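A.B. asks: Fold the following and give me the result.
(one chain, ligands or ions: 1)
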Amino acid sequence: MSENKFFVIAVDGGAASGKSTTSRALAERLNLLHVDTGTHYRALTLLFLNLRGKQTGDNSIADFLGKIELETSLSGRAALLKINGRVPADGELRSPEVNAMVSHLAAMPKLRELLKSYQRSLPEIARQNGFAGLVMEGRDIGTVIFPNADLKFFLQADVKTRVKRRADEGLQDSIAKRDKIDSSRKTAPLACAEDAEIIDNSDLTPEEVVDRICAFIENGAGS
Ligand code: DC
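C.D. replies: Residues are numbered from 1 along each chain as shown. Alright, predicted model coming up:
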């Protein structure tokens with residue numbers, strides 16, 4: 001990675017594969033803006049669930065998406081999605097109701113189009129705010145959102161480890177079911193980019209994962 005070059009890192013993987021822990025730590029070490037795109041799909045799902053009970057008239061997804069305004073709020077090194085003027089709380093975004101619905105909404109092409117153009121606008125915000133680069137995590141970052149990212153990582157862990165991680169966080173989440181829906185949808189499925197570095201972190205600590213990625217960068221990857 002050459003000095004002073006703004007760079008984009010894509011981190012993809014299934015549910016509970018360690019993307020957020022890794023991306024947050026990378027953002028700290030390398031002065032990057034961190035974007036968790038899972039929260040974008042969760043925020044839209046939460047709004048959809050909240051509006052569903054109240055709606056009268058046109059209930060189409062196009063009508064729903066047409067009423068949405070997306071902005072960004074910075075909190076430390078994290079870029080948080082502000083939706084219709086509000087940043088939803090993390091607890092709301094990770095409720096069992098949102099967990100059960102999010103993969104279904106995330107399979108909708110129109111919804112993904114809306115988020116794609118928003119997500120592609122974020123490197124500019126990182127530049128304007130003095131970050132050295134951007135680390136964005138999700139399912140399709142290295143394949144669809146930033147196919148020309150400077151570095152791509154695909155994280156994996158065995159199912160037992162991933163289920164334990166969610167249980168330790170006190171969260172109710174059918175990760176295998178979500179992965180199945182996410183990887184079998186037609187538009188931008190969960191997939192490993194051909195040029196991504198695969199890291200299985202089942203037996204690694206978060207620090208070891210970040211060390212491995214930094215060593216990879218120091219050894220000239222992405223330059
Ligand atoms: O990373 P997460 O578990 O918070 O993501 C929640 C859901 O959002 C995931 O099951 C599928 C969807 N998602 C997606 O389709 N594409 C992304 N880039 C990120 C998340």
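A.B. asks: Average pLDDT for the helix ranked longest in the chain, rounded please.
C.D. replies: Looking across the chain with DSSP state H, the single longest helix is helix 37-52. Over the span of helix 37-52, the pLDDT mean works out to 94.
A.B. asks: ok now that helix, how far from the chain's centre?
C.D. replies: Centroid displacement of helix 37-52 relative to its chain, using Cα atoms, centre = their mean, to the nearest Å, is 14 Å.
A.B. asks: does the ligand sit close to that helix?
C.D. replies: Yes. Using Cβ under 6 Å from any ligand atom, we find that helix 37-52 touches the ligand at Thr37, Gly38, Tyr41, Arg42. The way it works is simple: take the backbone N, C-alpha and C, and place the C-beta from them, glycine included.
A.B. asks: Format those as JSON lines; extra columns: neighbour count.
C.D. replies: Formatted as JSON lines, these follow (neighbours: other Cβ atoms under 10 Å):
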{"residue": "Thr37", "neighbour count": "24"}
{"residue": "Gly38", "neighbour count": "18"}
{"residue": "Tyr41", "neighbour count": "24"}
{"residue": "Arg42", "neighbour count": "24"}
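A.B. asks: Out of those, which comes closest to the ligand?
C.D. replies: Nearest to the ligand among these is Gly38, at 2.4 Å by Cβ to the nearest ligand atom.
A.B. asks: Measure how buried the closest residue to the closest one other than its chain neighbours is and give me the count.
C.D. replies: In space, Gly38 comes closest to Gly138 once its chain neighbours are excluded; the distance is 6.3 Å by Cβ to Cβ, 6 or more residues apart in numbering. Neighbours of Gly138 under the rule other Cβ atoms under 10 Å: 28.
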